[in-house]
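>>> Sequence and computational prediction follow.
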Amino acid sequence: MTFDTQTPIFLITGGSRGLGRAMALGLADKGADVVLTYHARKEDAAGVVSEIEAKGRTAAALQLDTGDMASFTRFETQLGQTLGETWGTDTITGLVNNAGIGINTPIAETSEAQFDQLMNMHLKGVYFLTQTLLPRIADNGRILNISSGLARFSYAGFSAYAMMKGGIEVFTRYLALELGSRGISVNTIAPGAIETDFGGGLVRDNEEMNAAIAGNTPLGRVGLPEDIGGAVAAMLTSDTRWINGERIEVSGGIHH
Ligand SMILES: NC(=O)c1ccc[n+]([C@@H]2O[C@H](COP(=O)([O-])OP(=O)(O)OC[C@H]3O[C@@H](n4cnc5c(N)ncnc54)[C@H](OP(=O)(O)O)[C@@H]3O)[C@@H](O)[C@H]2O)c1
């Protein structure tokens, strides 16, 4: 069996494009169903749902702002309704905390508003969304938190972003400790630089940046969304169930 349950359903935040979309498609390829969230791009999310359905799996899309803690209870109710109507269940097999944005600004110029936006979306939101959804995650289920290579190595301009990612790596260890009694395993996947819309599409669209990252990567290129989608899907299968509380970097070996 590929997954630990007969009808695996994974919730992926920020599944409308980029890495979340690749994760959703990677999971569908392995035989899982997906609830994905989007922030503003409803049509993109509907497109991903159609792509998953074309693979013979079931999917649904819900709106969510991971920086808006006050909306989480309503989201949890909506998720419950969707699970009941679409799958006849009230739990998900696993949660992937993926949604996020990048803000590239030096420490000297970072505003409190920028810091708070990153903190709410990448740290506080991940903490309280996970807390809110704990009753919806099945026993023996999975949680994956998406961090960044930037929590291990430093690029100027990413201080606040990387601090939040460092925080969720610590959160992963505590979740693993406290949820172990329910059989839930929790890990961090830390992608390297990947060609998506993230940070204004800098890694994908800026040739100089792209070449510099490729030059620092032993495998000789910048990462693609599928590189992360495949790794995340693999980390949610039965084969990886004994990996727990770990940080796994998926970066082609950059800066080792
Ligand atoms: N790309 C990289 O190089 C890289 C490297 C390391 C880590 N990461 C991490 O990987 C994750 C995904 O990044 P990505 O490259 O896929 O970015 P992306 O292509 O820009 O996609 C961002 C996703 O997050 C959603 N989103 C944006 N703001 C949100 C909010 N306030 N609440 C909820 N959802 C929101 C977007 O929804 P809409 O489509 O509706 O706007 C979209 O689905 C992030 O946590 C990022 O920090 C990325």
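Thanks, I have it. Residues are numbered from 1 along each chain as shown.
>>> Touching the helix or strand of the chain with the lowest mean pLDDT from outside, list them.
Within the chain, no helix or strand scores below helix 198-205, which has a mean of 93 by mean pLDDT, DSSP states H and E. The contact list for helix 198-205, computed with CB atoms under 8 Å, 6 or more residues apart in numbering, reads 18-19, 100-104, 193-197, 209-210, 213, 222. C-betas here are computed from N, CA, C, even on glycine.
>>> try 10 Å this time
17-19, 100-104, 148, 157-158, 161, 191-197, 206, 209-210, 212-213, 222-225 (CB atoms under 10 Å, 6 or more residues apart in numbering).
>>> Could you list the contact residues of this structure toward the ligand?
13-14, 16-20, 38-41, 44, 64-67, 98-101, 121, 146, 148, 191, 193-194, 196-198, 203 (CB under 6 Å from any ligand atom).
>>> follow-up on the earlier one: now list the buried members of the contacts of helix 198-205.
17-19, 100-103, 148, 157-158, 161, 191-196, 210, 213, 222-223, 225 (16 or more other CB atoms under 10 Å).
>>> Next SSE downstream of the least confident helix or strand of the chain?
helix 207-215 (DSSP states H and E).
>>> Does anything pack onto that next one? Which helices or strands?
helix 198-205 (3 or more CB pairs under 10 Å, 6 or more residues apart in numbering; DSSP states H and E).
>>> Spatially nearest residue to residue 129, not counting backbone neighbours?
Nearest in space to residue 129, with sequence neighbours left out and distances taken as CB to CB, 6 or more residues apart in numbering, is residue 72 at 5.5 Å.
>>> Let me fix that, I meant to ask about residue 64.
residue 37 is the one closest to residue 64 (CB to CB, 6+ apart), at 3.9 Å.
>>> SS state for the one you found?
Judged by DSSP: H, G, I helix; E, B strand; the rest coil, the three-state class of residue 37 is strand.
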